[in-house]
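*Asks:* generate coordinates for the sequence data below:
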Amino acid sequence: ASGCSSAGGSAVPAPTPSGDQAGPCRALHDKLPATVNGKKRRATHPVSDFTAAWGAPPIVLRCGVNRPLVVTPGDKHFDPNADTVEIDGVEWL
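*Replies:* All right, here's what the predicted structure looks like:
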């Protein structure tokens, strides 16, 4: 799974996905767009194949994280009305 937010600065904690997750995350990282919702891609610290950011304040992507409980059907925290938005065909939480 990938997790995204618009909080924080340039420091983005890098996930440590398992071997099965690491390959797809690296492949995704190589295909990420230069812009998201009109915001330009920027560097993250630490640099990682498992993170990306766009704009300021940044829209942050972290690949290899657990699926957020708020979007996990069957979990007590599941919220079908969670604050999500679709940008360029990708659902962001």
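*Asks:* below-threshold pLDDT in the protein: ranges please.
*Replies:* 1-10 (pLDDT under 70).
*Asks:* spatially central residue for it, please.
*Replies:* Compute the mean C-alpha point of the chain, and by CA atoms, centre = their mean the closest residue is Leu61, 2.3 Å away.
*Asks:* skip the chain neighbours and tell me the closest residue to it.
*Replies:* Computed as CB to CB, 6 or more residues apart in numbering, the closest residue to Leu61 that is not its neighbour in sequence is Ala52, at 4.5 Å. To be clear about C-beta, it is placed using only N, CA and C from the backbone, and glycine gets the same treatment.
*Asks:* isn't the residue nearest to the centre of the chain up against Leu32?
*Replies:* Yes - with contacts counted by CB atoms under 8 Å, Leu61 reaches Leu32, the gap being 7.2 Å.
*Asks:* give me the common contacts of the two.
*Replies:* Common contacts of Leu61 and Leu32, defined by CB atoms under 8 Å, 6 or more residues apart in numbering, comprise Ala52.
*Asks:* that older thread, if I look at the residue nearest to the centre of the chain, how far off is Ala14?
*Replies:* With distances taken as CB to CB, to the nearest Å, Leu61 is found 11 Å from Ala14.
*Asks:* overlap of the contact sets of the two?
*Replies:* Joint contacts of Leu61 and Ala14 (CB under 8 Å, 6+ apart) are Thr51.
*Asks:* now the closest residue to Ala14 other than its chain neighbours, what's its secondary structure?
*Replies:* Distance criterion CB to CB, 6+ apart; nearest residue to Ala14, sequence neighbours excluded, is Ser48 at 3.8 Å. Under DSSP: H, G, I helix; E, B strand; the rest coil, Ser48 falls in the coil class.
*Asks:* what about Ser48, how many residues nearby?
*Replies:* 18 (other CB atoms under 10 Å).
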